[in-house]
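Chemist: Provided below for reference: sequence and predicted model.
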Amino acid sequence: MDQSVAIQETLAEGEYCIIISFPAVQGVLCEGDSRQSRLLGLVRHRLEHGGQEHALFLYTHRRMAITGDDVSLDQIVPISQDFTLKEVFPDGELYILGSDVTVQLDTAELSLVFQLPFGSHTRTFLQEVTGACPGLDSAIRDPQFLWLSRYRCTEPQLESPTPRAWNSAPGTWPECATIGGGRYPSRKGLWGLEEAQLQGAGSVLFGGGAMEQTDFRLVDVGPGGGPTWGRSARGGRRDEELEEAGREMSAAGSRERDSAGGSNCDNSRPNGKGLLVDPSSRGQDKPENLLTRQTKSKSEITDMVRSSTITVSDKAHILSMQKFGLRDTIVKSHLVQKEEDYTYIQNFRFFVGTYNVNGQSPKECLRPWLSHGIQAPDVYCVGFQELDLSKEAFFFNDTPKEEEWFKAVSEGLHPDAKYAKVKLIRLVGIMLLLYVKQEHAAYISEVEAETVGTGIMGRMGNKGGVAIRFQFHNTSICVVNSHLAAHTEEFERRNQDYKDICSRMQFCQVDPSLPPLTISRHDVILWLGDLNYRIEELDVEKVKKLIEEKAFQTLYAYDQLKIQVAAKTVFEGFTEGELTFQPTYKYDTGSDDWDTSEKCRAPAWCDRILWKGKNITQLSYQSHMALKTSDHKPVSSVFDIGVKVINEELYRKTLEEIVRSLDKMENANIPSVSLSKREFYFQNVKYMQLQVDSFKIHNGQVPCQFEFINKPDEKSYCKQWLNANPSRGFLLPDSDIEIELELFVNKTTATKLNSGEDKIEDILVLHLDRGKDYFLSVSGNYLPSCFGSPLHTLCYIREPILDLPPEVISELEDLFQQPGLRLEFEHIRDCLDTGMIDNLSASNHSVAEALLLFLESLPEPVICNSAYHNCLECSGNYTASKQVISTLPTFHKNVFNYLMLLKNSAKNHLDENILASIFGSLLLRNPACDQKLEMTEKKKAQEFIHQFLCNPL
């Protein structure tokens, strides 16, 4: 969540918290054994003579800072000539790609250590700090920071009568205590810092993240104006080692495993995880020329790792992928095809566990689940559901229980081995942890983590999935933890949740030109979680009797997941082990007794583990009755998974053979392909209904690269409603590839198609590198829809909307709390578009979601753009707010008043806050359609709607 708004409210006129993709970063300040959360904001001040100065403002804050009242200015660190920022990592410590980052901030008088979350937010923030350093531009004079005097305390602490340059007297400033000066800040100073001694660059824990020390430093300006990368006494040896490793790896050829490191889509810029300088880039001042070092070292500290020091492997150094030329691409493709020639299968032991903890904190040791009675696994995959059931976790994705369960898991790992955390990912209450043994950490690369919420409109994260993908040696592995829809009768919604996770879960690749990876595009897939499939057709007593008789196979015949898998509606191609344990849900908390509550839920195997892939052997599949914290029992499975390991000697021989064969290829002919189809017609295109057509490209005898290119004066190769997948690629001689043309009309494109301003017509240009262009014609007919049409148009061209009694609207149970079904939405859309309302047959939840999608698709929102700012200004004043609504066009005003009939009643389980939160952003939209609402605007929009829900119209 963007917390820069809170920072901006604390600044004086003329200062700005720099707005980037994530303008403020929340981290943990490490001072000795103390860990304190801080909000870091990069503040820019524009000088009268046209220059600018920057400073880091550090704030204490509430858990989620929304306004200026939620933060308190703690310290200011001017970005002066002596300012440096670097990642820190003592020798002998282990770094895992994708884990969190520790940075050390130094000035002449100050040294601070922060733990920051790994990802693009931190990377972008550190890039902005890098660019703000005055040392990068020799033409800028030494900063004076006179503007910081306005943040001094009301009572002067020093008696100096005249301002001095910032660094003229270390640790001093007129009429105020130290700003960013001194290793021991004054207890009586302006910022109220607690006196604490910094005990070196130690590791810290941030939000359950990994502990690490790494090596990031800002550049200094050399004599020629470009950056020079100096080595400090403690960092020089490692820099030399990294540069040497980089040269060795560069000489190793186009090896796919070693050229695919990194976990971010954009691999050509510094990312806050360490900057390794390529020898060829010295003297150039563009950060794009820097190579991201993918592997470093990390300490095994008790909060993260089971034992003491870990050794570092030289094989841990992996370079970022360079932009391959045609020849390099051919080498890569041949290496993939000949993988069996230089790899062998080696078994590794995987532990996979899942536990729905029902919002509880850990109350018992987890070793009976995680490590009792098994050999020390090589890899741990541990998933949780319902980690936190509070509203705060639901709306702000913020919970202290993340760290509680992370520590409980770390303490419960097998005592006979040393483990490092690779990654932690969480969506509300769904959390997934990945650990590996220390000796395997060097062979983990390309770590990516993503989340998918499957609540209403995909916005709510109380249900959904999280996933971690990574490369282990030469095998790609994806681990998915999901929590699907509840209730016995909702198996179709569970099926839909599964399909949504599969279709929407996408991982960036190291090469940003390549399409994202989906779950299915991995060698091994491990799927765990509370899948919520129940036992059907049997009453509670019959289920309990079969369990008592241990007739699990008889009971299993009525298991919904078994039935759905057999029908090939979900988990096609997946395997599950035999269920030899009793159902894991639902128990009275703290006991082994079945549910005795009023609902008396029937027992069910809700918690499951499935897998897909080759060379996988399941060794055990069991529940753990000893743990009684939750109304679920944890489940575990142990696997032996065959992983492809590279034989270095055979790899070199294979690479040499490929290179020799390419050297003999002197075919200078122009590439030529044949297309199976060049004209495409999409019939009866409907709103939000995907249509797909495909064709094949067959290549001749010359390797070629193809790409759909932009037509003259156009920004994209196709119109917004069309997409080619893949849009670019490489073809070996005499090979084929299938291209899918996907046509999908959404709220962005529907308006012009409805009005006739746009048509389903386009020309695609398929370009061959060093070859000719091919032209593809796309056409079709679009069926106009009420979705995406202006309200005034709908009122003129449609028959009057049927009047529903207000009491019917206000008594719909659980309205807007559960998503609808896709097929029912399509039925609703068709009924609206054809006027056949009498044929409408759908659940309340599907109708409710269709309403939200309709409101979202309106080109002009219900509250017109012209009234947007007036609404925000009068939020909190109901009389003024009603006056604004009265000025709306008649059609818009009537629709607004009708929607406000959705007031809270005792039967619909909603309150005004939830309704205001849902409808605030739909009825009030920023006129700048490409700009998202700031948090303050969101709050005002919700408050505006809230007034009408709480008061009579």
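Modeler: Noted; the coordinates are in hand.
Chemist: tell me the helix or strand right after the helix or strand harbouring Leu58.
Modeler: In the assignment (DSSP states H and E), Leu58 maps to strand 52-61. Later in the chain than strand 52-61, the nearest helix or strand by DSSP H and E is strand 71-78.
Chemist: which elements pack onto that following strand?
Modeler: Counting contacts by 3 or more C-beta pairs under 8 Å, 6 or more residues apart in numbering; DSSP states H and E, strand 71-78 packs against strand 52-61. In this view, the C-beta of every residue, glycine as well, is placed from N, C-alpha and C.
Chemist: pull up the pairing partners for the strand it packs on, direction included.
Modeler: Each strand paired with strand 52-61, and its direction, by DSSP bridges: strand 34-46 (antiparallel), strand 71-78 (antiparallel).
Chemist: which one of the ones you listed lies closest to Asp734?
Modeler: Comparing the strands paired with strand 52-61 by their distance to Asp734 (C-beta to C-beta), the top pick is strand 34-46, with 54.8 Å.
Chemist: how far is that closest one from where the chain is centred?
Modeler: 23 Å (C-alpha atoms, centre = their mean, to the nearest Å).
Chemist: same question for stretch 333-344.
Modeler: Offset of stretch 333-344 from its chain centre (C-alpha atoms, centre = their mean): 32 Å.
Chemist: for stretch 37-48, same thing?
Modeler: Mean-position distance between stretch 37-48 and its chain equals 26 Å (C-alpha atoms, centre = their mean).
Chemist: buried stuff in that stretch?
Modeler: Neighbour-count burial for stretch 37-48 flags Ser37, Arg38, Leu39, Leu40, Gly41, Leu42, Val43, Arg44, His45 (criterion: 16 or more other C-beta atoms under 10 Å).
Chemist: the first one pairs with what?
Modeler: It refers to Ser37. Beta-bridge pairing for Ser37 (DSSP bridges): Val28.
Chemist: low pLDDT regions in the stretch 851-953 of the chain?
Modeler: For the stretch 851-953 of the chain, the stretches with pLDDT under 70 are 901-911, 929-933, 953.
Chemist: do a quick rundown of the strands in it.
Modeler: Using DSSP state E, counting those that start in this stretch, no strands are found in the stretch 851-953 of the chain.
Chemist: ok, now the stretch 401-550 of the chain?
Modeler: With strands called from DSSP E, counting those that start in this stretch, the stretch 401-550 of the chain shows them at 419-427, 430-437, 444-453, 464-472, 475-483, 506-507, 517-518, 524-530.
Chemist: what lines up beside the third one in the sheet?
Modeler: Next to strand 444-453 in the sheet, as set by DSSP bridges, lie strand 464-472 (antiparallel).
Chemist: check the fifth one too.
Modeler: Strand 475-483 pairs in its sheet with strand 464-472 (antiparallel), strand 524-530 (parallel), by DSSP bridges.
Chemist: any chance of TSV for those, columns mean neighbour count and distance to Asp74?
Modeler: As requested, these are exported to TSV (neighbours: other C-beta atoms under 10 Å; distance: least, C-beta to C-beta, whole Å):
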stretch	mean neighbour count	distance to Asp74
strand 464-472	26	33
strand 524-530	25	40
